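Chemist: below is the sequence, then the predicted model.
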Amino acid sequence: MREIFSIPGAPKPIGPYSQAVKANGTLYVSGQIPLNPQTGDLVLDSIENATHRVMQNIQALVEEAGMQMKHVVKMSIFIKDMGQFSQINNVYAQYFTGDFPARETVQVADLPMGVPIEISCIAIENN
């Protein structure tokens, strides 16, 4: 059985996909960009603020699915500038306590809507 999550606390999809899908106790969160769900505006004033916005969007989806950030086991980070890696890490670390999830960070040529960062994740219940 799978359950689709679409909440006002995360940006609406800009394409044919779901914000998050939960199947057999595993939550798959689609790539989130620094889009403010309340205003519809992109948060682009700094990579730190953009990263906070992305992580807040992810956290909203994880919590809507009845989980917490401690249930996240895998993160995928896509960035346009590897030179911003340390700033992203500093913000990212604030959303976890204890053990961090597995992760990869990949520099890409471009991202949807020209944003500097996109992050997706996988979370597992009872983790």
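Modeler: In hand now; what should we look at?

Chemist: got the contact list for residue 97?
Modeler: Residues in contact with residue 97 (Cβ atoms under 8 Å, 6 or more residues apart in numbering) are residue 70. Using the backbone N, CA and C atoms, a C-beta is placed for each residue, glycine as well.

Chemist: so it is in which element?
Modeler: Under the criterion DSSP states H and E, no helix or strand holds residue 97.

Chemist: what is the subsequent helix or strand relative to the helix-or-strand element of the chain with minimal mean pLDDT?
Modeler: Scoring the helices and strands of the chain by mean pLDDT, DSSP states H and E places strand 2-5 at the bottom, with a mean of 89. As assigned by DSSP H and E, the chain's next helix or strand after strand 2-5 is strand 20-23.

Chemist: show me what the following helix or strand past that following strand is packed up against.
Modeler: Sequence-wise, the next helix or strand beyond strand 20-23 is strand 26-32, with elements assigned using DSSP H and E. If you count contacts as 3 or more Cβ pairs under 8 Å, 6 or more residues apart in numbering; DSSP states H and E, strand 26-32 packs onto strand 20-23, helix 47-64, strand 117-124.
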